[in-house]
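K.L.:
Fold the following.
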Amino acid sequence: MLGHKQICSLIEDWRDQTFTEHRMNDRNQVRTYVYDARNRETQSVWDDGVTPTVGFLSLMSHGKGLGLLADAFAELNIPNARLRVAGAMTNADKPLVATIRHKLGDRVEFLPNIERDAKIAFLQSLSVLSVPTLYREAFGLYLLEALACAVPVVQPRHGAFPELIAATGGGLLCEPNDAHSLAAALRELLTDAPRARQLGQAGRAAVQQKFSVEKMAEQVEATFASVR
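P.N.:
Prediction:
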């Protein structure tokens, strides 16, 4: 039977191979569900002079809520705030991206199909992350990725998001499909640095404790033991 260290090694090899072999440029992309930021410095996005930055990390589509986030961002009225958008972009998503670029101008930046190291750097540049899906998402890997970098999140109150926020303590909930509610929650974090920092740090600690490679290995071992 595989030991704990062997299982950890297999999980890490699978994670790295997944990021290498599968570029985030297709709707049927394969993603890894293990994220590990333990050995990385977490920069503070609340230092003086740092631009307040809202991030989006997912498929750049209507269903993932990119248009909704752009509408909410436009309502913020926070000087110098920026919206950074990363993730997969297909041909079908380009009209939406063009519309948002026209609406927000130089306040928005698009980073399509970035790889693992660039993704981590992207996350570490954010003040808050939101992927306000219009449908009930079953999980949301991007939330764990953001929280692993101590970035608080704002998500709609549906699907798996209430459970994930409760389990990590790393963010706020807003009303689904409601740009005003989303803007209010984003503004709450962007204008309250101590609270945003506290939520991000709580989320990072929860991810390390509950969603690490070691924790997944323990759960795999327990599953193996239960069926022996």
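K.L.:
And the strands in the chain?
P.N.:
Using DSSP state E, the strands of the chain run over 53-57, 82-87, 108-112, 128-129, 153-156, 171-174.
K.L.:
Those strands: which one's closest to F211?
P.N.:
Closest to F211 of the strands of the chain is strand 153-156 (Cβ to Cβ; 13.9 Å). Just so you know, the C-beta spots here come from the backbone N, C-alpha and C atoms, and that holds for glycine as well.
K.L.:
Low-confidence regions, this structure specifically.
P.N.:
Flagging of the chain using pLDDT under 70 yields the residue ranges 1-49, 212-228.
K.L.:
Please, where are all the helices along it?
P.N.:
4-21, 66-75, 94-104, 116-124, 141-148, 161-168, 179-190, 193-210, 213-227 (DSSP state H).
K.L.:
who does the fifth one touch, helix- and strand-wise?
P.N.:
Looking back up the chat, that one is helix 141-148. strand 53-57, helix 116-124, strand 128-129, strand 153-156, helix 161-168, helix 193-210 (3 or more Cβ pairs under 8 Å, 6 or more residues apart in numbering; DSSP states H and E).
K.L.:
can you check the second one too?
P.N.:
With contacts defined as 3+ Cβ pairs under 8 Å, 6+ apart, the secondary structure elements packing on helix 66-75 are strand 53-57, strand 82-87, helix 94-104, helix 179-190.
K.L.:
Now tell me what touches it from outside.
P.N.:
Residues from elsewhere that reach helix 66-75, judged by Cβ atoms under 8 Å, 6 or more residues apart in numbering: 54, 56, 58, 60, 81, 83, 85, 96-97, 99-100, 103-104, 107-108, 130-132, 134, 177, 179-180, 182-183, 186.
K.L.:
Any chance of a ChimeraX selection covering the buried ones in the residues you listed?
P.N.:
Burial among these is assessed by 16 or more other Cβ atoms under 10 Å; the matching ChimeraX selection reads:
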select :54,56,58,60,81,83,85,96,97,100,104,107,108,130,131,132,134,179,182,183,186
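K.L.:
Which residue, neighbours along the chain excluded, lies closest to the residue nearest to the spatial centre of the chain?
P.N.:
Geometric centre of the chain, nearest residue: Y142, 3.1 Å, by Cα atoms, centre = their mean. Of all residues not flanking Y142 in the chain, L57 sits nearest, at 4.4 Å (Cβ to Cβ, 6 or more residues apart in numbering).
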